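Peer 1: Predicted structure and sequence below. I'll ask about it afterward.
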Amino acid sequence: MLLNSIGYTQIVQTIPFSWSNDTLNGEFFEKTAMHLPVRFSNDTTTYYFQLDTGLEESYFYSGNLMKQETLDQLKKADSIQTSIGFLHLKQLEGQKIVNENGRIYCGTIGSDYFDTKII
């Protein structure tokens, strides 16, 4: 009996995340948002993006808390290499970048990030 088998190599990438808590209508809730830490090439700053699978696209907020070189890269590129892989980020006007407890929250990662991934 001859058995053939095809082997596949799978690389499993895990992404660290953190939860944030919030008070809504005077009531405290744990784990209201999940944030992913993201680093861009040529920028040592870690930025945090909220994971929102209800959005079809990913966005970054423009503001003076991002390094100008990184902001220029984001505005020009269709996609950009990051510490969590390639991201297709669109600029979202009117949203503020927030620096809270030393963390810079500057965007939202939508479901488009998972287009080529198995969850």
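Peer 2: Happy to help now that I have it. Numbering: from 1, shown residues only.
Peer 1: Please enumerate residues in contact with the worst-scoring helix or strand of the chain on mean pLDDT?
Peer 2: Among the helices and strands of the chain, helix 68-76 carries the lowest confidence by mean pLDDT, DSSP states H and E, at a mean of 84. In this structure, residues lying in contact with helix 68-76 by Cβ atoms under 8 Å, 6 or more residues apart in numbering are 40, 42-43, 45, 60, 62, 66, 80, 89, 91. Just so you know, the C-beta spots here come from the backbone N, C-alpha and C atoms, and that holds for glycine as well.
Peer 1: what about stretch 75-83, start to end distance?
Peer 2: Taking Cα to Cα, to the nearest Å, the span from the opening residue of stretch 75-83 to its closing residue is 18 Å.
Peer 1: how distant is that stretch from the center of its chain?
Peer 2: The gap between the average C-alpha position of stretch 75-83 and the chain average comes to 12 Å, counting by Cα atoms, centre = their mean, to the nearest Å.
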